[in-house]
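[1] Here's a sequence, model it:
(one chain, ligands or ions: 1)
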Amino acid sequence: MPYYRSAGSIPPKRHTQHRTPQGGLYYEELMGEEGFSSDSSLLYHVNIPSAVVDVRPWELPDQSLVPNHPLAPRHLSTHELFEDGVTGVDAVTGRRLLLGNGDVRLAYVVADAPSPLYRNAIGDECLYVESGAATVETLFGDLEVGEGDYVVIPRATTHRVVPTGAVPVRLYAIEANSHIGPPKRFLSKYGQLLEHAPYCERDLRGPSAPTVVEGDDVEVLIKHRGPGPGGIAGTVHVYPQHPFDVVGWDGCLYPYAFNISDYEPITGRVHQPPPAHQVFEGWNFVICNFVPRKVDYHPLAVPVPYYHSNVDSDEVMFYCGGDYEARKGSGITQGSISLHPGGHPHGPQPGAMERSLGAEFFDELAVMVDTFRPLELGEGARATDDAAYAYSWSGGRRLGEG
Ligand SMILES: [Fe+2]
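    Residues are numbered from 1 along each chain as shown. Below you'll find the model as predicted:
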């Protein structure tokens, strides 16, 4: 995120001596993207950040993927993946993989236990909080997050997720193989969010000041490129002291939160296409959101979407609030995910177009990920796939049945 912040204790000039109260030296670490050619931050550690006392494999949750074949639109019910009142599940090891390809993986978890310390060395993560609350503790400081928050965590940021609410926290995890940030067309050439962007820097919440945590022989779970399914693998590094030992940092690379209710929707006289609803982008995918809004006000407008063939993308909608007009009658409800793959035109369910005429407001909330390469089905998708969804536009009629 190219927006400068500073927290805690840093020296007046970079790469110069920064002394502890006892007269020793803090250890400066540059955490930077694209070699030394993009956003970075400088962090000041109490201990040597490279020191490890053990390295061993971490057995990742099931990362297997199978092709979406025969090609079909899919309806997944994330809320069926976890029992009510589930206990002992955490936001890192409890994730269930729904969909993925070589650019991004989408997972869901209902967590009520603190996660282990974790860092994703494959890419940035964007956690969308469907409900509940948590503290995302990071070496940069803490983020208090709740319903409707996107939490963007840069690649290789050591952190953990601690649920804090009376109910478990429900997270939709978008794991990139790249970086995640605002669409470039929203940014000035120097990285400021432009006037036409649907949100601005004031809407982004950075971490609190960092705190130094005591601890000996502390494990960090690392997800990284490797020999496992999908070309990823896990490793545990054990650090002699707690890795949250930063006294200060500054720069333009850090985790942050943004609430979906701060997204100002762009509306028009006739239907606005999904790019008007974009919030973030990564390599080979985009993230859009459909928020409660006034809808199309041309006197002859059709407020639900027209049928569309996304010939270059697979489209994944996560229905996370309100009442989604275009999908009525399809079985889709809170927590549902639809996958509309490239190669199949999709649009409103039968009757939805007619019902929408004259509507002035849609009370709907959905997070959409469009990928530019086909998505495959993870074990979480295979466990909840509603085979009837593919036939919902034909009134449920399927050759060979009934
Ligand atoms: Fe669509």
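[2] show me where the stretch 201-350 of the chain has strands.
    Counting by DSSP state E, counting those that start in this stretch, the stretch 201-350 of the chain has strands at residues 204-205, 216-225, 232-241, 246-251, 256-259, 278-282, 285-290, 293-294, 314-322, 336-340.
[3] any chance of these in TSV, plus distance to residue 196, mean neighbour count and mean pLDDT?
    C-beta coordinates here come from the backbone N, C-alpha and C atoms, glycine included. Converted to TSV, the strands of the stretch 201-350 of the chain look like this (distance: least, C-beta to C-beta, whole Å; neighbours: other C-beta atoms under 10 Å; pLDDT from 0 to 100):
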stretch	distance to residue 196	mean neighbour count	mean pLDDT
strand 204-205	17	18	97
strand 216-225	36	17	98
strand 232-241	37	18	97
strand 246-251	27	22	98
strand 256-259	17	20	98
strand 278-282	12	22	98
strand 285-290	16	23	98
strand 293-294	16	14	95
strand 314-322	24	22	95
strand 336-340	28	24	97
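[4] Include distance to residue 364 when you put those into CSV, please.
    Formatted as CSV, these follow (distance: least, C-beta to C-beta, whole Å):
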stretch, distance to residue 364
strand 204-205, 24
strand 216-225, 33
strand 232-241, 34
strand 246-251, 37
strand 256-259, 17
strand 278-282, 15
strand 285-290, 6
strand 293-294, 8
strand 314-322, 4
strand 336-340, 12
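[5] Residue 88: which of these is closest?
    strand 216-225 (16.4 Å; C-beta to C-beta).
[6] which helices and strands does the closest one pack with?
    Counting by 3 or more C-beta pairs under 8 Å, 6 or more residues apart in numbering; DSSP states H and E, the packing neighbours recorded for strand 216-225 are strand 117-120, strand 232-241.
[7] Specify the angle between it and strand 232-241 in degrees.
    160 degrees (axes from the mean of the first three to the mean of the last three C-alpha atoms, to 10 degrees).
[8] List of residues touching strand 216-225?
    With contact meaning C-beta atoms under 8 Å, 6 or more residues apart in numbering, strand 216-225 is reached by 53-54, 58, 60, 92-93, 116-122, 158, 175, 231-243.
[9] picking that back up, for residue 48, find the nearest of the strands of the stretch 201-350 of the chain.
    strand 232-241 (8.8 Å).
[10] Strand partners (parallel or antiparallel) of the closest one?
    Partner strands and pairing direction for strand 232-241 (DSSP bridges) are strand 54-57 (antiparallel), strand 216-225 (antiparallel).
[11] before we move on, back to that, closest to residue 87 out of the helices and strands packed on strand 216-225?
    Nearest of these to residue 87, taken as C-beta to C-beta: strand 117-120 at 19.9 Å.
[12] if we look at the closest one, which residues are touching it?
    Here strand 117-120 makes contact (C-beta under 8 Å, 6+ apart) with 92, 153, 155-160, 175, 218-223, 243.
[13] C-terminal to that strand, what's the next element?
    Note on strand 117-120: by DSSP states H and E, the next helix or strand toward the C-terminus is strand 125-131.
[14] and that next one with strand 278-282, angle?
    Put simply, strand 125-131 runs at 140 degrees to strand 278-282, going by the same axes, to 10 degrees.
[15] for strand 125-131, packing partners?
    Counting contacts by 3+ C-beta pairs under 8 Å, 6+ apart, strand 125-131 is packed against strand 149-153, strand 169-176, strand 314-322.
[16] One more pass at 7 Å, please.
    Other elements packing on strand 125-131 under the criterion 3 or more C-beta pairs under 7 Å, 6 or more residues apart in numbering; DSSP states H and E are strand 149-153, strand 169-176.
[17] How far off centre is the first one?
    Averaging C-alpha positions (C-alpha atoms, centre = their mean, to the nearest Å) puts strand 149-153 6 Å from its chain's average.
[18] what is the mean pLDDT for the helix or strand following that strand?
    Per DSSP H and E, the first helix or strand lying C-terminal to strand 149-153 is strand 159-163. Across strand 159-163, pLDDT averages out at 98.
[19] Same list (the helices and strands packed on strand 216-225) but as TSV, adding distance to residue 373.
    Converted to TSV, these look like this (distance: least, C-beta to C-beta, whole Å):
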stretch	distance to residue 373
strand 117-120	20
strand 232-241	16
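[20] so which of those strands gets nearest residue 79?
    strand 117-120 (24.1 Å).
[21] Work out the gap between that closest one and the centre of the chain.
    Relative to the centre of its chain, strand 117-120 is centred 15 Å away, using C-alpha atoms, centre = their mean.
[22] With stretch 387-402 instead?
    33 Å.
[23] can I get the CA coordinates of it in PDB?
    In PDB, the C-alpha atoms belonging to stretch 387-402 read as follows (Å, rounded to 0.1, in the frame of the first residue of the first chain):
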ATOM      1  CA  ALA A 387     -25.500 -30.200  -8.100                       C
ATOM      2  CA  ALA A 388     -29.000 -28.800  -8.800                       C
ATOM      3  CA  TYR A 389     -27.700 -25.200  -9.200                       C
ATOM      4  CA  ALA A 390     -26.500 -25.800 -12.800                       C
ATOM      5  CA  TYR A 391     -30.200 -26.400 -13.700                       C
ATOM      6  CA  SER A 392     -31.700 -23.500 -11.800                       C
ATOM      7  CA  TRP A 393     -32.100 -21.400 -15.000                       C
ATOM      8  CA  SER A 394     -34.100 -24.100 -16.700                       C
ATOM      9  CA  GLY A 395     -36.600 -24.300 -13.800                       C
ATOM     10  CA  GLY A 396     -34.800 -27.400 -12.400                       C
ATOM     11  CA  ARG A 397     -35.400 -29.400 -15.600                       C
ATOM     12  CA  ARG A 398     -32.600 -31.900 -16.200                       C
ATOM     13  CA  LEU A 399     -32.600 -34.500 -19.000                       C
ATOM     14  CA  GLY A 400     -33.200 -38.000 -17.600                       C
ATOM     15  CA  GLU A 401     -34.900 -36.800 -14.400                       C
ATOM     16  CA  GLY A 402     -38.600 -36.500 -13.500                       C
END
